[in-house]
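> Sequence and predicted structure, then a few things I'm wondering about:
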Amino acid sequence: MKKIHTFMLMLALGFTWALSPEEVWQALEAHGKVQGYLAQARQGPVVYQVAYLRPKVRIDWLEGPEYLKGSALISDGEKLWSKGPKGGWQTSPAGATPEDPMQLLFTDPKALRKDYLLREVQEEGGLWTFTLAKKTPPKDERQPAAWRVTLNPKGHLPFRYQVLSPSGKVLSTVEYLRLDPTPPAPSLFEVKP
């Protein structure tokens, strides 16, 4: 009888500590208050820096193949500016609306609920791992369909994420080397000829 009570208590505690999808959605919506951040990330041999200052995003490629190293991209949601390692800035009309949920975490966290499903929610060692899957996945296996994210729930900051194909194959892995939640200086987003 005592063993049954102990088992029931452990079972009840397990359910109490379980992480619900609603808790994760609420935590992700906290990103809507983020005004900016500066992150350095590694994707295979490529290291890049992402600067975000609502609503502007800047990406600078720091390490990797020569054709990428020194390249940069700036978007304000309406226009897109890009430059190669040895060229000046070029403008493209209409900057693309971000489709990557990692961008949406900071630009429009409520759009995540509209376009993505939350799956495979787990908590381990103080970190949360979950998958954000497109409600309408692409048919092409080379296209991203889901993102498996690991983050620190205290600061709501990601540590790493994997981009998955429609069948669940890992297309790429991004690890954050540094992440500073302090909004960067506006001068970082100036496009100079």
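Thanks, I have the structure now. Numbers count the residues shown, from 1 in each chain.
> which residues does residue 70 contact?
61, 84-86 (CB atoms under 8 Å, 6 or more residues apart in numbering). Every C-beta, even on glycine, is put in place using the N, C-alpha and C of the backbone.
> Surely it is within a helix?
No - secondary structure of residue 70 (DSSP: H, G, I helix; E, B strand; the rest coil): coil, not part of a helix.
> Quick check: which ranges of this structure have low pLDDT?
1-18, 31-32, 93-109, 155-158, 193 (pLDDT under 70).
> Which residue ranges of it form helices?
Secondary structure of the chain (DSSP state H): helices located at 2-17, 21-29, 101-107, 109-115.
> Tell me which stretches of the protein form strands.
36-43, 46-53, 56-63, 72-75, 80-83, 90-92, 116-124, 127-134, 146-152, 157-164, 170-180 (DSSP state E).
> neighbouring contacts of stretch 19-37?
With CB under 8 Å, 6+ apart, stretch 19-37 has contacts from 50-54, 105-106, 108-110, 112-113, 118, 121-123, 128, 130, 153, 156, 179-184.
> And that stretch, how far out from the chain middle?
Mean-position distance between stretch 19-37 and its chain equals 12 Å (CA atoms, centre = their mean, to the nearest Å).
> And that stretch, what's buried?
19, 24-25, 27-28, 31, 34, 36-37 (16 or more other CB atoms under 10 Å).
> do the same with stretch 50-57
Under 16+ other CB under 10 Å, the buried positions of stretch 50-57 are 50-53, 56-57.
> And stretch 69-88, by the same measure?
Applying 16+ other CB under 10 Å to stretch 69-88 flags 71-75, 77, 80-83 as buried.
> now the end-to-end length of that stretch.
14 Å (CA to CA, to the nearest Å).
> What of stretch 42-56?
For stretch 42-56, the end-to-end distance is 21 Å (CA to CA).
> List the contacts of that stretch.
Contacts for stretch 42-56 (CB under 8 Å, 6+ apart): 34-41, 57-65, 68, 74-77, 106-107, 172-175, 177, 183-184, 186, 188-189.
> filter these to the buried ones?
34, 36-41, 57-61, 64, 68, 74-75, 77, 106-107, 174, 184, 189.
> How about residue 149, nearest residue that isn't a chain neighbour?
residue 161 (4.5 Å; CB to CB, 6 or more residues apart in numbering).
> how near is that neighbour to residue 85?
Plainly put, residue 161 is 27 Å away from residue 85 if you go by CB to CB, to the nearest Å.
> give the contact list for residue 143.
Neighbour list for residue 143: 165-166 [criterion: CB under 8 Å, 6+ apart].
> show me what contacts residue 154?
Contacts of residue 154 (CB under 8 Å, 6+ apart): residue 126.
> Repeat that for residue 175.
Going by CB under 8 Å, 6+ apart, residue 175 touches 41-43, 159-160.
> Tell me what it is bridged to.
For residue 175, the beta-bridge partners under DSSP bridges are residue 42, residue 160.
> Could you say which one of the strands of the chain comes nearest to residue 140?
strand 170-180 (11.1 Å; CB to CB).
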